[in-house]
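> Here is the input, now give the coordinates:
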Amino acid sequence: MRLKDKVAVVTGAARGIGEATALKFAEHGAKVVVSDINIDSMNDIKAQIEALGGEVLAYEVNVTSRESVQTMIDDVVSKWGKVDILVNNAGITADSQLLKMEESDFDKVIDVNLKGVFNCGQAAAKVMAENGGGVILNASSVVGLYGNFGQTNYAATKWGVIGITKTWAKELGKKGIRVNAVAPGFTMTPMVAKMPEKVIDMMKGKSPLGKLASPEDIANAYLFLASDEAAFVTGTVLSVDGGVVL
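You can find the predicted model right below:
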């Protein structure tokens, strides 16, 4: 029970990596707060955690809204008294090549993937600082490290998340707060599973391991960084990409 009695907030928890992370944390004893913009999906993940015997709170949250985020954090503190762990997992894509990208698509990806991280991180960090410490984990991407065709907006946000992570690690360390990022490679999320088989095979071929990550592979990385086993790890970016960028 590596997270016993810890209160962990996971954004974008309705499916994929967020869902796997919330379940993994619950399996290891955390009280889990799941949030997403899709409340119907939240009810499903809530039921899964309850079936494991875990404690869970579910919130419909738009991470681009500071009011929405703050309402959730305030309610969690009123019910459970603290926030120990935040996983900033919520994110979107709106892909297009530079010469064809609409300004609105650039703006909405920046708003969710970058401002959303700021909104959630600031609200949680204030609580953690008052309680003497905590862990913030931010979702970057291999795309944020190396770029990707057709993803100007997404790559910009995931590189920006790395800058945020390293800055917060420097600012918040003296308050007992560790801040790290995870940079997944190609992962078999529900969105990827719907892609043509030849595209999936192409992604597999880019990894020396010859396969895609499962959401649980990424969740395992979050579990390590959230646990006391990573007590001296802060300001790092952990690539979980199957060697795709070697």
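
> Tell me which stretches of the protein form strands.
7-11, 31-36, 56-60, 85-88, 134-139, 177-184, 237-240 (DSSP state E).

> Just want the angle from the third one to strand 31-36.
Read it as strand 56-60. Per axes from the mean of the first three to the mean of the last three C-alpha atoms, to 10 degrees, the angle that strand 56-60 makes with strand 31-36 is 20 degrees.

> could you give me the average pLDDT of strand 56-60?
For strand 56-60, mean pLDDT is 97.

> so what does that strand touch, helix or strand wise?
Helices and strands touching strand 56-60, by 3 or more C-beta pairs under 8 Å, 6 or more residues apart in numbering; DSSP states H and E, are strand 31-36, helix 39-51, helix 66-80. (C-beta placed from N, C-alpha, C; glycine too.)

> neighbouring strands for it, and are they parallel or not?
strand 31-36 (parallel) (DSSP bridges).

> ok, residues contacting the strand it pairs with?
Strand 31-36 is contacted from outside by 5-14, 18, 22, 25-26, 42, 45-46, 49, 54-61, 63, 72, 76, 80, 83, 90, using C-beta atoms under 8 Å, 6 or more residues apart in numbering.

> That one vs strand 7-11, what angle?
Using the same axes, to 10 degrees: strand 31-36 against strand 7-11 is 10 degrees.

> average pLDDT for strand 31-36?
Strand 31-36 shows a mean pLDDT of 98.

> and that strand, how far from the chain's centre?
12 Å (C-alpha atoms, centre = their mean, to the nearest Å).

> which parts of that strand are buried?
Residues 31, 32, 33, 34, 35, 36 are the ones in strand 31-36 that count as buried (16 or more other C-beta atoms under 10 Å).

> what's residue 152 in contact with, if anything?
Residue 152 sits next to 96, 98, 101, 106 when contact means C-beta under 8 Å, 6+ apart.

> same deal with residue 134?
By C-beta under 8 Å, 6+ apart, the neighbours of residue 134 are 83, 84, 85, 86, 124, 125, 127, 128, 176, 177, 178.

> What is the least confident helix or strand in the protein?
Here the helix or strand of the chain ranked lowest by mean pLDDT, DSSP states H and E is helix 190-193, holding a mean of 74.

> Give me the distance between that one and the centre of its chain.
That offset, for helix 190-193, works out to 17 Å (C-alpha atoms, centre = their mean).

> and it, what does it pack onto?
With contacts taken as 3+ C-beta pairs under 8 Å, 6+ apart, helix 190-193 sits against helix 197-205.

> okay, the top helix by length along the chain in PDB with CA atoms only?
Longest helix in the chain, counting residues (DSSP state H): helix 152-172. Output of helix 152-172 as PDB, limited to C-alpha atoms (Å, rounded to 0.1, in the frame of the first residue of the first chain):
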ATOM      1  CA  THR A 152       2.500  22.700 -33.200                       C
ATOM      2  CA  ASN A 153       0.000  23.400 -30.500                       C
ATOM      3  CA  TYR A 154       0.300  20.100 -28.600                       C
ATOM      4  CA  ALA A 155       4.100  20.100 -28.700                       C
ATOM      5  CA  ALA A 156       4.200  23.700 -27.500                       C
ATOM      6  CA  THR A 157       2.100  22.800 -24.500                       C
ATOM      7  CA  LYS A 158       4.000  19.600 -23.600                       C
ATOM      8  CA  TRP A 159       7.300  21.500 -23.800                       C
ATOM      9  CA  GLY A 160       5.800  24.300 -21.700                       C
ATOM     10  CA  VAL A 161       4.700  21.700 -19.100                       C
ATOM     11  CA  ILE A 162       8.400  20.700 -18.700                       C
ATOM     12  CA  GLY A 163       9.300  24.300 -18.100                       C
ATOM     13  CA  ILE A 164       6.500  24.600 -15.500                       C
ATOM     14  CA  THR A 165       7.700  21.400 -13.800                       C
ATOM     15  CA  LYS A 166      11.300  22.500 -13.400                       C
ATOM     16  CA  THR A 167      10.200  26.000 -12.200                       C
ATOM     17  CA  TRP A 168       7.800  24.700  -9.600                       C
ATOM     18  CA  ALA A 169      10.300  22.200  -8.400                       C
ATOM     19  CA  LYS A 170      12.700  25.100  -7.700                       C
ATOM     20  CA  GLU A 171      10.000  27.300  -6.100                       C
ATOM     21  CA  LEU A 172       8.200  24.700  -4.000                       C
END
